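A.B. asks: pasted the sequence and its predicted model underneath.
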Amino acid sequence: MSDRSHRRWAEAYAALLEQVGRAALCVAAEGDAGTEDTLPLLREMELQSCWQAGLLGSGGETQRHGHVRILDFGTWNRSSGPDFLRAEIELDGRRIRGDIELDPRAQDWENHGHGSNPDYNGVVLHVVLNEVPKGWFTRNSRHEEIPVLSIAPEVCRRALGCPAPLAAASLDLCREPLAALSREHVQTLLQGAALYRMQKKRQLFRRKSGILGERQAWYEAWAETLGYRVNKIPMLMLARRAPLCELGKTPEAVLFGTAGFLVPVLPEKASSEDRQYHRLVWDAWWPLRGRFSLDGPSSIPWNYAPIRPLNHPHRRVAALALSVSHWRKFEPLLSAESASGLTKLLTSLHHPYWSRHCALPSVPLSRDYALVGRDRVRDFLINHVYVQDESDSARMTYLNLRDRQPSSRVQRVAAKLFGGRGDLGDLLQFCYAQQALLQIDADFCCVNRCGECLFPTQLQAWSL
């Protein structure tokens, strides 16, 4: 198929999404407009991570101080005090330098005692995730008012690539809207959704690259991939707390220390091999800990269950550190044309300790295990490398990639939308179909009650 046809499909899917969104607004206006927003608050670390990358926008209207524009997002603080130091903003035409504090809610400023803490007197902007309560103002210990910028929760969720949660009263009604469509219509819909997903990811990557630099953006993308689903965000936070340009000649020590995995003394059960490796990394970390270590609330929130032993966070960080040590070989292979070379490089990474251990300390494994498996590389190619490569060959390769093991989420969405369709198994072998179902789930299923969703109705008009 031509580039023009593929572009039309992506545009048609975007039009379908917009059409359903407009119709949903009309239904909401006719119904109960007082429904409480049930979106849970994001953790402050996630909010800070988005801000540091510039993914929450670069300004907006403050509560009472006019328009604010962010000129410099500041330095992410590693200890107590405001979240970002030495930032620069333009407030109603005036340039101001100072600190920035981020909170999920405006009230957290007082709940955390910032209003009476002189360390926060240098804050020039208070950024909050939810709507500011009527009559609220943020003040410092000198009783000076601080401008408040409110950001909608959906903006942060999009920045993190997280779909909105299901409403509390969601009904599990299966309408099977794709069960009766012809195979041709299903393929065009899925390819349109997949290509639309590629466009959105490409836009996000370019936005990050414009602020952080392309090398850092690729480094973060690879770190996210290594984190799997359960530690995707913690690995992203680690990559931002320990940027690629600051790792120097000791990436292993910096990453393990920043992650909080190094302790002064190992437990008594540790073997001589554990102690030897720990001493090597600790000696390199000790001179750097004042620069990279994270205090209590700023520490990275790792998830340890439910994960396979080989996917333990210690091992994932080791894989990232080893990748960084091969970055000069890694970087030139970030294209669809070099996919086989990238796969060969990453799956051949070997470490004398981590190829045979799951954690520090741990009992040695019976044999060497790959630090990076082919499934991780394939995931990286599908979600990042092919997305950024705009060549016709990359797009066609992407549309022909196959994967026999769709995730449980993909299988759930497929069963809901397709029902018992006979060619479902064949369709789900294609990676683009799996990506398309994830996009449809995020755009429609995760934000609507099944019994009220307008997707099935609008889908009847799908045509090209």
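C.D. replies: The structure has been received and is ready for your questions.

A.B. asks: surely residue 124 is within a helix?
C.D. replies: No - under the criterion used here (DSSP: H, G, I helix; E, B strand; the rest coil), residue 124 is strand, not part of a helix.

A.B. asks: which residues of the stretch 51-200 of the chain fall in strands?
C.D. replies: Listed in chain order, the strands of the stretch 51-200 of the chain (DSSP state E, counting those that start in this stretch) span 59-61, 67-72, 75-76, 84-91, 94-103, 123-128, 138-139, 145-146, 148-150.

A.B. asks: need the winner for burial among these.
C.D. replies: strand 123-128 (a mean of 24; mean count of other Cβ atoms under 10 Å). For every residue, glycine as well, the C-beta is placed using N, CA and C.

A.B. asks: got the contact list for that strand?
C.D. replies: Strand 123-128 has contacts (Cβ atoms under 8 Å, 6 or more residues apart in numbering) with 47, 51, 56, 62, 68, 82, 87, 89, 91, 96-106, 108-109, 114, 138, 140, 146-151.

A.B. asks: and the nearest residue to residue 251 once chain neighbours are set aside, what helix or strand is that in?
C.D. replies: Distances taken as Cβ to Cβ, 6 or more residues apart in numbering place residue 324 nearest to residue 251, at 4.2 Å, with adjacent residues excluded. Per DSSP states H and E: residue 324 is located in helix 313-325.

A.B. asks: tell me which other helices or strands that helix touches.
C.D. replies: On a contact count with 3 or more Cβ pairs under 8 Å, 6 or more residues apart in numbering; DSSP states H and E, helix 313-325 meets helix 214-226, helix 232-241, helix 251-259.

A.B. asks: rounded mean pLDDT for the shortest one, please.
C.D. replies: Along helix 251-259, the predicted local confidence has a mean pLDDT of 97.

A.B. asks: packing partners of it?
C.D. replies: Using 3+ Cβ pairs under 8 Å, 6+ apart, helix 251-259 sits against helix 232-241, helix 272-285, helix 289-292, helix 313-325.

A.B. asks: roughly how far is the third one from the heart of the chain?
C.D. replies: Centroid separation for helix 289-292 versus its chain: 25 Å, with Cα atoms, centre = their mean, to the nearest Å.

A.B. asks: for the longest one, same thing?
C.D. replies: Counting by Cα atoms, centre = their mean, helix 272-285 is centred 32 Å from the centre of its parent chain.

A.B. asks: okay, now residue 348: neighbour count?
C.D. replies: 11 (other Cβ atoms under 10 Å).

A.B. asks: from residue 402, how far out is it?
C.D. replies: 23 Å (Cβ to Cβ, to the nearest Å).

A.B. asks: next one: residue 68
C.D. replies: For residue 68, the distance to residue 402 - Cβ to Cβ - is 49 Å.

A.B. asks: same check, this time on residue 288
C.D. replies: 44 Å.

A.B. asks: more crowded one of those two?
C.D. replies: residue 288 (17 against 11).

A.B. asks: just list the residues touching that one, thanks.
C.D. replies: Residue 288 neighbours (Cβ under 8 Å, 6+ apart): 250, 253-254, 257.

A.B. asks: what does residue 324 give?
C.D. replies: 219, 244, 247, 251, 255.

A.B. asks: ok, now residue 192?
C.D. replies: Shown in contact with residue 192 (Cβ under 8 Å, 6+ apart): 9-13, 436.

A.B. asks: now it: how far from residue 9?
C.D. replies: 4 Å.

A.B. asks: got any residues that touch both of these two?
C.D. replies: By Cβ under 8 Å, 6+ apart, no residue touches both residue 192 and residue 9.

A.B. asks: how near is residue 322 to residue 282?
C.D. replies: 18 Å.

A.B. asks: same question, residue 252
C.D. replies: Taken as Cβ to Cβ, the span from residue 252 to residue 282 is 11 Å.

A.B. asks: which of those two has more neighbours?
C.D. replies: Neighbour count, other Cβ under 10 Å: between residue 252 and residue 282, residue 252 has more, with 23 against 19.

A.B. asks: surely the more buried one meets residue 284?
C.D. replies: Yes - with contact defined as Cβ atoms under 8 Å, residue 252 reaches residue 284; the gap is 7.5 Å.

A.B. asks: all helices for the stretch 51-200 of the chain, in order.
C.D. replies: For the stretch 51-200 of the chain, applying DSSP state H, counting those that start in this stretch gives helices covering 108-111, 153-160, 183-212.

A.B. asks: how far off centre is the first one?
C.D. replies: This means helix 108-111. 27 Å.

A.B. asks: buried residues of it, list them for me.
C.D. replies: 108-109 (16 or more other Cβ atoms under 10 Å).

A.B. asks: excluding its own residues, what touches it? List them.
C.D. replies: With Cβ under 8 Å, 6+ apart as the criterion, helix 108-111 contacts 101, 103, 115, 126, 128, 138.
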